[in-house]
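Student: Sequence and predicted structure are below.
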Amino acid sequence: MYEAVLENTALASSIYVNIALAGLTIIVIAFMSRSIKDSRASLITMATLMISVVSISSYMGLASGLTIDTLVMPEGHPLAGEEVISLWGRYLTWAFSTPFILLALGLLAGSTADKIFSAIVLDVFMCLTGLAAALTTSSLAMRWFWYALSTAFFIGVLYYLLVEWPREAEKKGTGDIFNTLKLLTVVMWLGYPIVWAFGNEGLALLEVGATSWAYSGLDIIAKYIFTILLVLYVKEEPDSVTSAPSTAPASA
Ligand code: RET
């Protein structure tokens, strides 16, 4: 599979560019965040750093061929009976990277542990059912049922992003930055199911290189641009993101 990637320039570049950008983002964040003292501000920064840590590992899995396979598509699929290259490692590793995006956003909004937990569980199942959709070869209907289930979980995630957290962010005083990142996240995340549907694993209107570049392009904005914007805000350690001041009673 390693050779199959290198032979396809579009596919190879969509992977290697992301390895470089994830590495660069890790270095930039480590540099930008070196003066952060507050532990809550630091936690948000670490969560964003982890997004790129997962990403570089994910793209290494694809580059080395470890998380890529050829699958024979079931009857009814536009490429039925043909071997289709599946970069299934993407869907698997989203289950590790996207929770950090939601953790950072939930903390930024000042949300509660129960809500952040629920959003992350829904998100992990969105990714795992998306992986199941990609790997199912027994029946075309089953592939799309998995897709529908994944979309249902996605709607749950959107509820937190669009309804619960903006309200909380407003109260917390992070409304402006939260709304910018929310918009970026919601618009980019909506792109992923669209790419899946039109890509080589869905309706096959895009070939494998174009599908991979579409995901890689979304990743660049949803992960690296997102991260830099968030860290630029958090590194100034505004009161809205730092730990609550200690309320220890004065000694009697
Ligand atoms: C799939 C296909 C099934 C239906 C839905 C999907 C949604 C995927 C999303 C992925 C976001 C990924 C990110 C990765 C960054 O590392 C699995 C494509 C709804 C929203 C942001």
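Tutor: Alright, I've got the coordinates.

Student: Distance of Glu236 relative to the ligand?
Tutor: Distance from Glu236 to the ligand, counting by Cβ to the nearest ligand atom, to the nearest Å: 26 Å. Heads up, the C-betas are built off the backbone N, CA and C, glycines and all.

Student: Check Ala222 too.
Tutor: From Ala222 across to the ligand, the span is 4 Å (Cβ to the nearest ligand atom).

Student: Likewise for Leu184?
Tutor: Separation of Leu184 from the ligand (Cβ to the nearest ligand atom): 11 Å.

Student: same deal with Pro74?
Tutor: Distance from Pro74 to the ligand, by Cβ to the nearest ligand atom: 17 Å.

Student: And stretch 103-113, how far out from the chain middle?
Tutor: Distance, stretch centre to chain centre, for stretch 103-113: 16 Å (Cα atoms, centre = their mean, to the nearest Å).

Student: continuing past the one helix or strand Ser14 maps to, what's the next helix or strand?
Tutor: Assigned by DSSP states H and E, Ser14 falls within helix 9-32. Elements were assigned by DSSP H and E; along the chain past helix 9-32, the next helix or strand is helix 39-63.

Student: packing partners for that next one?
Tutor: helix 2-7, helix 9-32, helix 89-108, helix 226-234 (3 or more Cβ pairs under 8 Å, 6 or more residues apart in numbering; DSSP states H and E).

Student: If we go by neighbour counts, what in that helix is buried?
Tutor: For helix 39-63, the neighbour count (16 or more other Cβ atoms under 10 Å) marks 40-63 as buried.

Student: Next, the angle from that helix to helix 226-234.
Tutor: On the basis of axes from the mean of the first three to the mean of the last three Cα atoms, to 10 degrees, helix 39-63 is oriented at 170 degrees to helix 226-234.

Student: can you list the residues of the stretch 151-252 of the chain near the ligand?
Tutor: Thr151, Phe154, Trp189, Tyr192, Pro193, Trp196, Asp219, Ala222, Lys223 (Cβ under 6 Å from any ligand atom).

Student: and the helix holding Ser14, C-alpha only, in PDB?
Tutor: Taking Å, rounded to 0.1, in the frame of the first residue of the first chain, the C-alpha atoms of helix 9-32 are listed here in PDB:
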ATOM      1  CA  THR A   9       0.800  12.100  -6.700                       C
ATOM      2  CA  ALA A  10      -2.500  13.700  -5.500                       C
ATOM      3  CA  LEU A  11      -2.900  11.100  -2.800                       C
ATOM      4  CA  ALA A  12       0.700  11.200  -1.600                       C
ATOM      5  CA  SER A  13       0.700  15.000  -1.500                       C
ATOM      6  CA  SER A  14      -2.600  15.100   0.500                       C
ATOM      7  CA  ILE A  15      -0.900  13.000   3.100                       C
ATOM      8  CA  TYR A  16       2.700  14.400   3.200                       C
ATOM      9  CA  VAL A  17       1.500  18.100   3.300                       C
ATOM     10  CA  ASN A  18      -0.500  17.300   6.500                       C
ATOM     11  CA  ILE A  19       2.500  15.600   8.200                       C
ATOM     12  CA  ALA A  20       4.500  18.700   7.600                       C
ATOM     13  CA  LEU A  21       1.700  21.100   8.800                       C
ATOM     14  CA  ALA A  22       0.900  19.000  11.900                       C
ATOM     15  CA  GLY A  23       4.600  19.000  12.800                       C
ATOM     16  CA  LEU A  24       4.900  22.800  12.200                       C
ATOM     17  CA  THR A  25       1.700  23.400  14.300                       C
ATOM     18  CA  ILE A  26       3.100  21.500  17.200                       C
ATOM     19  CA  ILE A  27       6.300  23.600  17.200                       C
ATOM     20  CA  VAL A  28       4.400  26.900  16.800                       C
ATOM     21  CA  ILE A  29       2.100  26.100  19.700                       C
ATOM     22  CA  ALA A  30       4.900  24.900  21.900                       C
ATOM     23  CA  PHE A  31       6.700  28.200  21.200                       C
ATOM     24  CA  MET A  32       3.600  30.400  21.600                       C
END
